[in-house]
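Engineer: Structure of the sequence below:
(one chain, ligands or ions: 1)
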Amino acid sequence: MRLSRYFLPLLRNDPKEAEIVSHKLMLRAGLVRQSTAGIYSWLPLGLRVLSKIERIVREEQDHAGALELLMPTIQPAEIWRESGRYDVYGKELLRISDRHEREMLYGPTNEELITQIFRDSVKSYKELPRILYHIQWKFRDEIRPRFGVMRGREFLMKDSYSFDLTVEDARASYNKMFVSYLRTFNRMGLKSIPMAAESGVIGGDMSHEFIILADTGESEVFCHRDLLKLDSPGANVDYEGDLSPIIQSWTSKYAATSEKHDAARFAKEVPDADRFTTHGIEVGHIFFFGTKYSEPMGCEVQGPNGGLVPVQMGSYGIGVSRLVGAIIEASHDDAGIIWPSSVAPFDGGLINVKSGDAETDKVCEELYAKLETAGLSVLYDDRDDRPGAKFAAFDLIGLPWQLIVGPKGIKSGEVELKHRATGARHTLGFDAVLNRLVASAAELGREAA
Ligand code: 5CA
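Structural biologist: You can find the predicted model right below:
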């Protein structure tokens, strides 16, 4: 993509309305613009990140055996009356009425709708277990939307729902989602720690929040240091096998957000040197709630003995749009964002230090064409601007590498490759730089597999 033809409105200064670093950087780097409180438009660069996150979430859901569908944003009030949540949900629920005065709502979550779909279609235990998911916009009329996309009113969520015959089977589904979450966040370059949680308005008696660590995160977290050293399950994890040893390794050590923190237990269970206190951001939340919805809504299947049994259910959410902010909180410096390669909007940037100089333009055009042909996505700064302004812009938007091409280097057949995360610079010949970048892209592809 040529920057001269792109839409990238950068801001020089920190916008006043932004309190936290990710919100500031998302506005400054031209990722989003606020439409009204807690509601954002995604500009081209931001949308590329959102789509990449969505893709990783989808791949890991599919890998765990979940099936994608798509439910609408608008739901009828009746099914929420059936579950009993229409009145309980309070002002966070955006209630709407259509031209026939029929009561509707903008979905804040989808337990009711998926339960309705399932009960109308599945009659026998032989069609269980199933996990269904979608990635869809939600609306919650938060009393205090803040921190940009981290706590929006309209936000993109991946929500999955599991259906099982027995509590034991439901636990196996829960474990599948648990493991897939560890993999999902790990692929985004994040350290996530599952923590026992309250289930609140969703209900149920088994629940974990997935918290990613970031010094600037909203919640205070307390955990055993050993959890930081645990590896995420590999791509070869067998989702049909027994996942409980993995769950065990992640849940046997102390970890709690301030809401559930028990200072006395922390002191007793965790030796002094292993106590770790930091901040974190909730990027996922999983729930097992048994028959909380299936019973009142009559979602029953014929069991092995012929009688009707309500299905055992769980739900599993990931804050897809929140993750864009959360990743920035976890990965930035004074100059701007540092995208992990797997979610970066472009693989890298190509900076023409002297646009308009025939020789420099020619080398840049050639490198650009070759990189694109090799399958890399490159943001090519072909604008007529000061080199300093270009460097600052690329540090701000945080692509993993910058290829800097100027007349001086060209004379000796060389260009400079800057690694955004470390600041390391290498001077390389044209072919060497191409080989290196193509090899690193291939490496990333292998990691994802
Ligand atoms: N039905 C369940 C699971 S599908 C549910 O709604 N869970 S939740 O309320 O915990 O939301 C799931 C995830 O969505 C959260 O972990 C969080 O990452 C994200 N999320 C929740 N509220 C917001 C919000 N206001 N803005 C941005 N992301 C949010």
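
Engineer: Against which helices or strands is the helix or strand hosting residue 207 packed?
Structural biologist: Assigned by DSSP states H and E, residue 207 belongs to strand 206-213. Contacts defined by 3 or more C-beta pairs under 8 Å, 6 or more residues apart in numbering; DSSP states H and E place strand 206-213 against helix 167-187, strand 192-196, strand 219-224, strand 275-290, helix 320-330. C-beta here means a position set from N, CA and C on the backbone, and glycine is covered the same way.

Engineer: got a list of contacts for it?
Structural biologist: With C-beta atoms under 8 Å, 6 or more residues apart in numbering as the test, strand 206-213 has contacts from 171, 174, 178, 181-182, 185, 190-199, 217, 219, 221, 228, 251, 257, 278-288, 326, 330.

Engineer: okay, now the closest residue in space to residue 375 that isn't next to it in sequence: neighbour count?
Structural biologist: What sits nearest to residue 375 in space, not counting adjacent residues and going by C-beta to C-beta, 6 or more residues apart in numbering, is residue 441, at 6.7 Å. Residue 441 has 18 neighbours, counted by other C-beta atoms under 10 Å.

Engineer: from now on call the first residue 27
Structural biologist: Noted, 27 is the first residue going forward, which turns the last one into residue 467.

Engineer: how close does residue 467 sit to residue 257?
Structural biologist: Distance of residue 467 to residue 257, given as C-beta to C-beta, to the nearest Å: 24 Å.

Engineer: unless I'm mixing things up, the residue nearest to residue 401 is touching residue 400, no?
Structural biologist: Yes: here residue 467 lies in contact with residue 400, judged by C-beta atoms under 8 Å, at a distance of 7.4 Å.

Engineer: before we move on, the earlier item: same question for the strand holding residue 233: list its buried residues.
Structural biologist: 232-239 (16 or more other C-beta atoms under 10 Å).

Engineer: Now the two most distant members of those.
Structural biologist: Spatially, the most separated pair among these is 232 and 239, at 23.4 Å (C-beta to C-beta).

Engineer: quick one: contacts for residue 94?
Structural biologist: Residue 94 is in contact with 84, 87-88, 158-161, counting by C-beta under 8 Å, 6+ apart.

Engineer: Need the buried ones from the residues you listed selected in PyMOL.
Structural biologist: Selection of the buried residues among the contacts of residue 94 in PyMOL, burial being defined by 16+ other C-beta under 10 Å:
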select buried, resi 84+87+158+159+160+161
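
Engineer: Out of the contacts of residue 94, flag the one nearest to the ligand.
Structural biologist: residue 159 (8.7 Å; C-beta to the nearest ligand atom).

Engineer: For the closest one, grab phi and psi.
Structural biologist: Backbone dihedrals for residue 159, given as degrees, to the nearest 10, come out at phi -140, psi 160.

Engineer: roughly how far apart are it and residue 97?
Structural biologist: Going from residue 159 to residue 97 by C-beta to C-beta gives 10 Å.

Engineer: thinking residue 213 is in contact with residue 81, fair?
Structural biologist: No: look at residue 213 against residue 81 with C-beta under 8 Å: they stay out of range, at 10.0 Å.

Engineer: I'd assumed residue 259 was in a strand, is it?
Structural biologist: No: counting by DSSP: H, G, I helix; E, B strand; the rest coil, residue 259 is located in no strand; its state is coil.
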